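> Provided below for reference: sequence and predicted model.
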Amino acid sequence: MREPDREINVDHRVPSDGLRKLLSGRPHWMNGLMLFCLFMTFIYVPWDIFIKPVEVDQEVWFGIMFTGWAAKLTAIPHWGVYAAGAYGFWKMAGWMWPWAAAYAAQVAIGMAVWALLQPGSAIVALVSFIPFAVLTWAVLTWALWNSRPRFGTWSK
């Protein structure tokens with residue numbers, strides 16, 4: 001005996017709908033920062049800590065480069081910063097303001113310090129690296145600082 005035809009409920013959403021929902025509600029540049037934080041949290045920093053050889057490892061904090069085991073150890077707080085950034089941008093958490101702007105400002109200052117500390121590169125740093133890197137991170141700092149209304153409240 002033949003079964004009666006049943007209606008099959010098919011979800012016609014495509015996988016991009018989930019991505020579209022994830023990326024909605026924040027400007028493109030902020031989505032870029034969130035995706036960068038996700039990449040650093042789940043791909044680069046784990047590779048850096050667990051796979052990259054100690055003898056070639058380098059990590060920069062506040063413009064000062066650490067190498068070897070010091071770099072491995074300082075990669076751990078970087079992992080935390082990127083994980084917090086990914087989560088904070090994803091949830092648009094209130095605590096991201098002012099901390100995302102403060103971190104971006106630290107990167108801008110750190111890039112200038114790092115460039116100036118390189119032997120024999122002060123002229124190159126002043127002419128090319130500093131204007132590009134510092135200006136880029138200064139603009140991000142300004143944008144993050146002015147994004148307070150986009151973030152939720154501290155209680156979230």
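Happy to help now that I have it.
> Can you tell me how far the spatially most central residue of the chain is from Tyr44?
Nearest to the geometric centre of the chain sits Cys37, at 3.0 Å (Cα atoms, centre = their mean). According to Cβ to Cβ, to the nearest Å, Cys37 and Tyr44 sit 10 Å apart. For every residue, glycine as well, the C-beta is placed using N, CA and C.
> How about Ala101?
23 Å.
> Counting neighbours, go ahead and name the busier of the two.
Neighbour totals were compared for Ala101 and Tyr44, and Ala101 leads with 19 against 16 (other Cβ atoms under 10 Å).
> residue ranges of the helices in the protein, please?
Per DSSP state H, the chain carries helices over the ranges 15-23, 28-39, 45-50, 68-91, 96-117, 122-124, 130-145.
> Which helix or strand in this protein has the lowest average pLDDT?
helix 122-124 (a mean of 68; mean pLDDT, DSSP states H and E).
> per-residue confidence at Ala112?
Turning to Ala112, the model gives it a pLDDT of 82.
> And Phe50, by the same measure?
97.
> Likewise for Gly94?
At Gly94, pLDDT is 94.
> Would you mind measuring from it to Leu22?
Applying Cβ to Cβ to Gly94 and Leu22 gives a distance of 19 Å.
> cool, Gly120 as well?
When Gly120 is compared with Leu22 (using Cβ to Cβ), they lie 45 Å apart.
> Ala101 too?
23 Å.
> which residues does the residue nearest to the centre of the chain contact?
By Cβ atoms under 8 Å, 6 or more residues apart in numbering, Cys37 lies in contact with Tyr82, Ala83, Gly85, Ala86, Phe89.
> Nearest residue to the last one in space, please, no chain neighbours.
What it means is Phe89. Spatial nearest neighbour of Phe89, chain neighbours left out: Met34 (3.6 Å); criterion: Cβ to Cβ, 6 or more residues apart in numbering.
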